[in-house]
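J.: from the sequence below, what's the structure:
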Amino acid sequence: MTSPGVILQSGDAVKLGTGYAFAEGPLWDPQGFFYFADVRSGLLYRVVPGQAPEVVRKTDNGNGCAFDLQGNIVQCEGATRRLTRWNPHTGEVAVLAERAEGRRLNRPNDVVCRSDGSLFFTDPALRVPVGERENESAVWRVAPDGSVHLVAFCEYPNGLAFSPDERRLYVANTRTLKYLQVLDLDAQGEVMGRRIFADMSHDDAPGVPDGVKVDSLGRVFCTGPGGIWVFSPEGVFIGKIACPEPAVNFCFGGDDMRSLFVCAHSSVYLLRVVHPGLPQPGRS
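T.: I've put the predicted structure just below:
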């Protein structure tokens, strides 16, 4: 049996593409390809490993992505301060959320889908001019009926991911203090408690907490100074995955969910891990 402390298979990162302004929002489609966003260019790409990435959609500063239970891609679009829903088969685009509690969103950053169909997304405010802010930095939940509900206020929430049982929501804090927090949830997705899961503020290497994912063992992967940090479900540091460029976000994929697709500023890379990542709800 492979030790839970082992992270990578042998081998170097394979570069799949380069020359992007700011690669982000990676997403695996079980049909055999990855999506990723070039945020500053406002483009959504699709890439089959071994082939050149192709543009499939023009967005407004599109960032984090997730599939909903119907197979649509929900994407955070910072410039227009909204979440959109794109049908990759028909090309139809709809606005999913642009206000919360009657006030305009800030700059939605990343989004995840829960098995009940609800969508949790981060909405940091610090990059919005003070006079244009209508909401505080927060994590929000879009219920299956489309209503938007507050999950928790946060300093600068960025990437987020669920534990295997969906009773923990891990949220990266990117600005000022570099840490990963965990929100304890009840069965309905309401917050029961919160705490610091991992502090990265002591490391001055390039990189910040941003993308977060969880593997089949419940281990938490989070970008941070010097690479992708890996923690046990109890918050014990296991190790760090070094990347050729500072990692921004990543996702698990491939037929066995052991391919780690990494967005690293100007390039996208592929590494192989020992233990598979968690599949997205409805996309296994």
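J.: isn't Val171 right next to Tyr156, touching?
T.: No - using C-beta atoms under 8 Å, Val171 is not in contact with Tyr156, being 9.9 Å away. Yep, even glycine has a C-beta here, placed from its N, CA and C like the rest.
J.: quick one, which of the two is more surrounded?
T.: Shown here are Val171 and Tyr156; by other C-beta atoms under 10 Å, Val171 has more neighbours (28 against 21).
J.: can you pull the contacts of that one?
T.: Residues in contact with Val171 (C-beta atoms under 8 Å, 6 or more residues apart in numbering) are 122, 139, 152, 154, 157-160, 180-183, 212.
J.: number of nearby residues for Phe67?
T.: 21.
J.: so which of the contacts of Val171 sit within strands?
T.: Thr122, Val139, Ala152, Pro157, Asn158, Gly159, Leu160, Leu180, Gln181, Val182, Leu183, Val212 (DSSP state E).
J.: want to try a markdown table for those residues, with pLDDT and neighbour count as columns?
T.: Formatted as a markdown table, those follow (pLDDT from 0 to 100; neighbours: other C-beta atoms under 10 Å):
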| residue | pLDDT | neighbour count |
| --- | --- | --- |
| Thr122 | 98 | 29 |
| Val139 | 98 | 21 |
| Ala152 | 97 | 18 |
| Pro157 | 97 | 26 |
| Asn158 | 97 | 26 |
| Gly159 | 98 | 28 |
| Leu160 | 98 | 27 |
| Leu180 | 97 | 26 |
| Gln181 | 97 | 21 |
| Val182 | 98 | 19 |
| Leu183 | 98 | 23 |
| Val212 | 98 | 26 |
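J.: format these as JSON lines; extra columns: distance to Val48.
T.: Listed next are the ones in strands among the contacts of Val171 as JSON lines, based on distance: C-beta to C-beta, whole Å:
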{"residue": "Thr122", "distance to Val48": "29"}
{"residue": "Val139", "distance to Val48": "33"}
{"residue": "Ala152", "distance to Val48": "38"}
{"residue": "Pro157", "distance to Val48": "32"}
{"residue": "Asn158", "distance to Val48": "28"}
{"residue": "Gly159", "distance to Val48": "25"}
{"residue": "Leu160", "distance to Val48": "27"}
{"residue": "Leu180", "distance to Val48": "32"}
{"residue": "Gln181", "distance to Val48": "35"}
{"residue": "Val182", "distance to Val48": "35"}
{"residue": "Leu183", "distance to Val48": "35"}
{"residue": "Val212", "distance to Val48": "25"}
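J.: which one of those sits closest to Trp229?
T.: Leu180 (8.1 Å; C-beta to C-beta).
J.: my guess is the closest one meets Thr223, correct?
T.: No - contact between Leu180 and Thr223 fails when scored by C-beta under 8 Å: they sit 10.0 Å apart.
J.: now His202: how far from Tyr179?
T.: 10 Å (C-beta to C-beta, to the nearest Å).
J.: when these two are compared, which one has more neighbours?
T.: Between His202 and Tyr179, counting by other C-beta under 10 Å, Tyr179 is the more crowded of the two (19 against 7).
J.: got the contact list for that one?
T.: Asn173, Ile196, Phe197, Ala198, Asp199, Met200, Ser201, Pro209.
J.: for the stretch 51-200 of the chain, give me the ranges with low pLDDT.
T.: Along the stretch 51-200 of the chain, no part satisfies pLDDT under 70.
J.: any idea what Asn249 is bridged to?
T.: Cys263 (DSSP bridges).
J.: just to revisit the earlier point, what is the nearest of the contacts of Tyr179 to Ala23?
T.: Using C-beta to C-beta, those come closest to Ala23 at Pro209, 17.3 Å.
J.: so that closest one sits against Tyr170, correct?
T.: No - judged on C-beta under 8 Å, Pro209 makes no contact with Tyr170 at a distance of 9.9 Å.
J.: any common contacting residues for those two?
T.: Leu180, Cys222.
J.: higher neighbour count, these two?
T.: With neighbours defined as other C-beta under 10 Å, Pro209 and Tyr170 compare such that Pro209 has more, 28 against 24.
J.: can you map out the helices along the stretch 101-250 of the chain?
T.: Counting by DSSP state H, counting those that start in this stretch, the stretch 101-250 of the chain has no helices to list.
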